[in-house]
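In: sequence first, then the predicted structure, then my questions.
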Amino acid sequence: MKKHGFYKRYVITYKFSGYIYIRRYICPCCGRTVSFLPSFLIPYFQYALPYILAFLNGYFKKRQSLRKYVEWFRRKKDGFSRRHFRYYINRMFLNRSLIQYYLNLTDQDMITNEDAMVSRLFAKSLLEKIHAVSPHYLSWNFFNITGKSILAPAQRIS
């Protein structure tokens, strides 16, 4: 792989919102380009993974309606809408089988199959496990084992 330039990407984290430069590489054999994202970014997402996971973890720990949680969260952090929240929640549930597969391969205290059948219990158990390790490590390890992002579009999951 040879260096092939940069591109700008907009990122939103806890303490930073703005553009960062992502290194692009080119394969000298086939001519395809590849970008290496930092561990805190997810392909096709503006919000950083720790930011998304913190929202999801907070939502499933608090026993509130989504509307009330969004109002509370927006007072703390600006920018998220209810559609954002619903999108990330749905994406996590759509990827449940891939996430369960990853946990079965890597975690001795895996989430049991019974929990995987109940959405809220699954989400709460998953987010507690993620909170126990670094989201950066989880993202990196998840990709190395499955070849996918933890919140990859459902049609891209096999």
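Out: On my side now, so go ahead. As the structure is a prediction and not an experimental result, all values here were calculated from the model.

In: toward the C-terminus, what is the element adjacent to the worst-scoring helix or strand of the chain on mean pLDDT?
Out: Using mean pLDDT, DSSP states H and E, helix 113-117 stands out as the lowest-scoring helix or strand of the chain, at a mean of 51. Going down the chain from helix 113-117, the next helix or strand is helix 119-132, by DSSP states H and E.

In: for that next one, packing partners?
Out: helix 49-61, helix 82-94, helix 96-106, helix 113-117 (3 or more CB pairs under 8 Å, 6 or more residues apart in numbering; DSSP states H and E). Every C-beta, even on glycine, is put in place using the N, C-alpha and C of the backbone.

In: the first helix or strand past the first one going along the chain packs against which elements?
Out: Moving toward the C-terminus from helix 49-61, the next helix or strand (DSSP H and E) is helix 66-76. The elements that helix 66-76 packs onto, with contact taken as 3+ CB pairs under 8 Å, 6+ apart, are helix 49-61, helix 82-94.

In: for the helices and strands packed on helix 119-132, which one ends up most surrounded?
Out: helix 49-61 (a mean of 20; mean count of other CB atoms under 10 Å).

In: quick one: average confidence on it?
Out: Averaged across helix 49-61, the pLDDT comes to 82.

In: and the helices and strands packed on helix 66-76 as a markdown table, adding distance to residue 8?
Out: Listed next are the helices and strands packed on helix 66-76 as a markdown table, based on distance: least, CB to CB, whole Å:
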| stretch | distance to residue 8 |
| --- | --- |
| helix 49-61 | 19 |
| helix 82-94 | 22 |
